[in-house]
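1. Below is the sequence, then the predicted model.
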Amino acid sequence: MNKSFKNYISEIIRVFIGAAAFVLLIWVNCNFFTAGTVIGFALFGGTVLLCIFWKPFCRLLKRIWSKIGGKIALCVVGVFAAVCAGFCAFFSVQMAVYAEKPLEEPSAVIVLGCQVRGETPSLMLARRCDAAFEVLEEFPEAVCVVSGGQGHGEDISEAEAMRRYLVDKGVSEERILLEDKSTSTKENLEFSAEILKTHGIEKVIIATNEFHQYRAEIYARQNKLTAGHHSNRTPRHNLLNYWVREWAALMKQLIVDS
């Protein structure tokens with residue numbers, strides 16, 4: 001294979017990667033501002049710039065590599081990048097696996113909290129409640145734990161907003177248990193497990209977004225709950241942003257909670 005042909009192939013690959021990264025850059029910004037926006041902008045924007053300025057970048061690497069300190073630094077950066085990429089790939093597989101996981105005869109469904117605007121559930125929270133409602137319809141003997149405290153800009157707790165939403169859809173108030181103190185996914189599952197244990201319940205379905213289910217599964221195991229998963233579907237234009245954001249949340253969970 002001659003040198004000109006190799007250069008031609010490498011140019012095609014670089015253009016393809018750059019174009020794909022540009023599409024992902026636009027996609028990850030199709031949302032309101034989250035951690036996923038920042039991470040996605042840095043990751044995909046950096047890839048686009050790298051493809052555009054590939055030759056100057058290679059010359060810079062050669063200059064850095066020519067010094068022993070530069071070799072060490074590049075090796076450290078390379079290993080770190082490879083480890084992060086490996087974890088993100090692993091997380092993505094697990095997030096896909098746990099997006100929907102049936103459970104035979106659950107005794108309860110836990111709805112994980114999300115933003116409330118005043119007293120109105122956000123679209124994402126309403127969809128989580130819709131997913132829980134589907135479970136409650138299928139298993140009429142199951143109870144429902146609505147889990148979420150009151151955050152900034154919320155006039156009522158997320159749990160209370162969910163309770164009202166489900167009652168309006170026809171769920172009996174007697175089937176709904178409020179957990180209105182939690183402020184995180186970890187606390188959602190921890191505090192909900194405490195409530196369910198007083199009722200002798202260990203088999204539950206978790207209702208949340210598909211990208212969120214794997215992290216919920218980890219906390220469910222820590223609290224000795226046998227969990228199935230039923231997800232509401234995140235709008236496609238928002239999915240990449242939340243997916244990338246979840247990588248960061250799982251990485252934080254791995255470091256902080258391990």
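-> That came through, no problem.
2. Packing partners of the helix or strand in which Ala82 is found?
-> Per DSSP states H and E, Ala82 falls inside helix 68-97. With contacts taken as 3 or more CB pairs under 8 Å, 6 or more residues apart in numbering; DSSP states H and E, helix 68-97 sits against helix 54-65, helix 213-222, helix 236-256. C-beta here means a position set from N, CA and C on the backbone, and glycine is covered the same way.
3. what's the stretch of helix or strand Leu166 belongs to in contact with?
-> Using DSSP H and E, Leu166 sits in helix 158-168. With CB atoms under 8 Å, 6 or more residues apart in numbering as the test, helix 158-168 has contacts from 111, 113-116, 119-121, 125-126, 128-129, 132-133, 136, 144, 146-151, 154, 173, 176, 178-180.
4. next structured bit after that helix?
-> Following helix 158-168 in sequence, per DSSP H and E, is strand 176-179.
5. in its sheet, what does that following strand sit against?
-> Paired neighbours of strand 176-179 in the sheet (DSSP bridges): strand 143-147 (parallel).
6. Can you give the distance from the strand it pairs with to the centre of its chain?
-> 21 Å (CA atoms, centre = their mean, to the nearest Å).
7. which parts of it are buried?
-> The neighbour-count check on strand 143-147 (16 or more other CB atoms under 10 Å) flags 143-147 as buried.
8. would you turn these into JSON lines with distance to Thr226 and pLDDT?
-> Below are the buried residues of strand 143-147 laid out as JSON lines (distance: CB to CB, whole Å; pLDDT from 0 to 100):
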{"residue": "Val143", "distance to Thr226": "16", "pLDDT": "97"}
{"residue": "Cys144", "distance to Thr226": "17", "pLDDT": "98"}
{"residue": "Val145", "distance to Thr226": "15", "pLDDT": "98"}
{"residue": "Val146", "distance to Thr226": "20", "pLDDT": "98"}
{"residue": "Ser147", "distance to Thr226": "17", "pLDDT": "97"}
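9. for those, which one is nearest Trp27?
-> Ser147 (30.4 Å; CB to CB).
10. Put the buried members of the contacts of helix 158-168 into a PyMOL selection.
-> Entered in PyMOL, the line below selects the buried ones among those, by 16+ other CB under 10 Å:
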select buried, resi 111+113+114+115+116+120+121+125+126+128+129+132+133+136+144+146+147+148+149+150+154+176+178+179+180
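11. Out of the contacts of helix 158-168, which sit inside helices?
-> Of the positions in those, 125-126, 128-129, 132-133, 136 sit in helices, assigned by DSSP state H.
12. Let me know the closest of those to Asn7.
-> Arg128 (51.5 Å).
13. Look up the pLDDT of the closest residue to Lys169 other than its chain neighbours for me, please.
-> Residue nearest to Lys169 in three dimensions, not counting chain neighbours: Phe133, with 5.4 Å by CB to CB, 6 or more residues apart in numbering. For Phe133, the pLDDT comes out at 97.
14. next one: Met1
-> Note on Met1: pLDDT of 56.
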